[in-house]
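Asks: Compute the structure for the input listed below.
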Amino acid sequence: MTAVQENQTRNPEHPQRLDLAALAPDVYRAMARFAQAAGQGLEPALVELVKIRASQLNHCAFCLDMHSKDALAGGESVERIVQVGAWAESQHFFTAREVAALELTEAVTVLTDGFVPDDVYERAAARFEPAELAQLIAAIAAINSWNRFAVTTRMVPGHYRPAG
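Replies: So this is what the prediction gives:
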């Protein structure tokens, strides 16, 4: 049984449309390399929070499932994962760097609201060294790309297991 057929069995209401990894393996491998490189030099917990927030905004159930589980496996608390969606109202759960990263994540992810505002960028730039900020922007771009692949192909959540 192919991965798509297996996922269609698991989720008959919204079956997976196609298997990107099998049909475009070079693209999939390039995206995996990009995503891995994008997170380097940043705290793993911060990167997972960014991935969770972007995935919430993009309505990507597959990536929410994956990155919530990865965050938990990395030692993140359930309380902080739950609060990511309301970070602006619950900033006391997060560090100033995490708040700046989450705010930048929203601005970069929801470009339909306009350009990334200068004040949002400046707050992030105040909390991250230039090389870190470049990595953060790349990490946000990477998860947004993964979200678009997963949502478009209807990758089925619920079966991901963190490595290790």
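Asks: who's in contact with the residue nearest the centre of the chain?
Replies: The centre of the chain sits closest to Lys51, judged by C-alpha atoms, centre = their mean, with a distance of 2.2 Å. By C-beta atoms under 8 Å, 6 or more residues apart in numbering, the contact set of Lys51 is 63, 67, 70, 139, 143. Using the backbone N, CA and C atoms, a C-beta is placed for each residue, glycine as well.
Asks: how about 10 Å then?
Replies: When contacts are counted by C-beta atoms under 10 Å, 6 or more residues apart in numbering, Lys51 touches 35, 39, 60, 63-64, 66-68, 70-71, 84, 105, 139-140, 142-144, 146-147.
Asks: what's the answer for Pro44, then?
Replies: Pro44 neighbours (C-beta under 10 Å, 6+ apart): 70-71, 74-76.
Asks: which pair in these spans the largest distance?
Replies: Using C-beta to C-beta, the contacts of Pro44 reach their maximum pairwise distance at Asp70 and Gly75, which is 10.7 Å.
Asks: Compare those two (neighbour count), which wins?
Replies: For Asp70 versus Gly75, neighbours defined as other C-beta atoms under 10 Å are more numerous around Asp70 (18 against 8).
Asks: tell me the mean pLDDT for the longest helix along the chain?
Replies: For the chain, the longest helix by residue count, based on DSSP state H, is helix 130-153. For helix 130-153, mean pLDDT rounds to 98.
Asks: ok, and for that helix, which residues are buried?
Replies: By 16 or more other C-beta atoms under 10 Å, the buried positions in helix 130-153 come out as 132-133, 135-144, 146-147, 149-151, 153.
Asks: Which strands and helices lie in contact with it?
Replies: Here helix 130-153 touches helix 20-23, helix 25-38, helix 44-57, helix 61-73, helix 96-109, helix 118-127, going by 3 or more C-beta pairs under 10 Å, 6 or more residues apart in numbering; DSSP states H and E.
Asks: so which of the ones you listed is the most packed in?
Replies: Of all the helices and strands packed on helix 130-153, helix 44-57 has the most neighbours on average by mean count of other C-beta atoms under 10 Å, namely a mean of 23.
Asks: pLDDT on it, on average?
Replies: In the prediction, helix 44-57 has an average pLDDT of 98.
Asks: Report the angle between that helix and helix 61-73.
Replies: 160 degrees (axes from the mean of the first three to the mean of the last three C-alpha atoms, to 10 degrees).
Asks: Lys69 contacts Gly164, correct?
Replies: No: applying C-beta atoms under 10 Å as the test, Lys69 and Gly164 come out as separate, 11.5 Å apart.
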